[in-house]
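J.: Fold the stuff below for me.
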Amino acid sequence: MIRTDGIIFDVDGTLWDSTVPAAEVWKRVASEYPEITDEISAKRLKSFYGLPLEDIARRMFLSVPFEKALGVMERAVREQCPYLLDHKGELLGDVGAVFGKLNEMGIKVFIVSNCRAGYIETFLKAYGFEELCLDHLCPGDTGLLKADNIRNIAAKWGLKAPIYVGDTDGDEAASREAGVPFVFAAYGFGKADSFAEKLDRLEDLPGIVESIG
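T.: Residues are numbered from 1 along each chain as shown. Here you go, the predicted model:
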């Protein structure tokens, strides 16, 4: 059992998979730029999720200079948020029940992800989870990446024993840098080598944690 007073979640690959509807937006935006000849697909997008958005832009749009790629990416992520409200991603488990159970246990729920402002809010609003998640941060809010935002959430809320739940080796590295235990969502998009616990299903999480009160 891991004793904790706050669990901080990644989004993509941990709580939902939005790559299919997101790729539809990215593909539509990219189609307006004839110089972009790269394949835009959910499979390619999924392979990049978890990276900072600047790195996704660099890897997704190889056919154009980075500044152009960055501009197209910025437009795509801005336009995908309203689209995702009506074309929801696929939940990776019973997220609402898990969040609700953690709240009942006295464990605070947070989200930290490497995304632009508005994306986490879109996820929460799409499924009505706003009241179950106490706070969230992303680079679009702070200009900082995952490790610093994990630390900022922990400091803001006075967490004594936070943990981070994510699905990639990038999440593992961010947790290590932030100095918090990492719980690996093995059902997600990526892989990890070092973790405090492994989840085969999100629903197993309440069974491996207990509140420090």
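J.: Could you pull out the helices in the chain for me?
T.: For the chain, the helices defined by DSSP state H cover 19-30, 42-48, 53-60, 66-86, 95-104, 119-127, 139-142, 146-156, 169-178.
J.: can I get these in TSV with mean neighbour count and mean pLDDT?
T.: Just so you know, the C-beta spots here come from the backbone N, C-alpha and C atoms, and that holds for glycine as well. Shown next, in TSV, are the helices of the chain (neighbours: other C-beta atoms under 10 Å; pLDDT from 0 to 100):
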stretch	mean neighbour count	mean pLDDT
helix 19-30	20	96
helix 42-48	17	92
helix 53-60	19	93
helix 66-86	17	95
helix 95-104	17	98
helix 119-127	20	97
helix 139-142	16	94
helix 146-156	20	98
helix 169-178	20	97
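J.: Adding distance to A196, write those out as JSON lines.
T.: Output for the helices of the chain, formatted as JSON lines (distance: least, C-beta to C-beta, whole Å):
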{"stretch": "helix 19-30", "distance to A196": "27"}
{"stretch": "helix 42-48", "distance to A196": "25"}
{"stretch": "helix 53-60", "distance to A196": "27"}
{"stretch": "helix 66-86", "distance to A196": "31"}
{"stretch": "helix 95-104", "distance to A196": "16"}
{"stretch": "helix 119-127", "distance to A196": "24"}
{"stretch": "helix 139-142", "distance to A196": "25"}
{"stretch": "helix 146-156", "distance to A196": "14"}
{"stretch": "helix 169-178", "distance to A196": "9"}
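J.: Please identify which of the ones you listed is closest to F9.
T.: Within these, the stretch nearest F9 is helix 95-104; the backing value is 8.8 Å (C-beta to C-beta).
J.: relative orientation of that closest one and helix 119-127 in degrees?
T.: Inter-element angle recorded for helix 95-104 and helix 119-127: 100 degrees (by axes from the mean of the first three to the mean of the last three C-alpha atoms, to 10 degrees).
J.: Could you give the separation of helix 95-104 from the chain centroid?
T.: Computed by C-alpha atoms, centre = their mean, to the nearest Å, the chain-centroid distance of helix 95-104 equals 18 Å.
J.: With stretch 162-180 instead?
T.: From the chain centre to the centre of stretch 162-180 is a distance of 12 Å (C-alpha atoms, centre = their mean).
J.: wait, what's in contact with the residue nearest the centre of the chain?
T.: Closest residue to the average C-alpha location of the chain: V11 at 2.6 Å, with C-alpha atoms, centre = their mean. Applying C-beta atoms under 8 Å, 6 or more residues apart in numbering, we find V11 in contact with I111, S113, C115, Y119, I120, F123.
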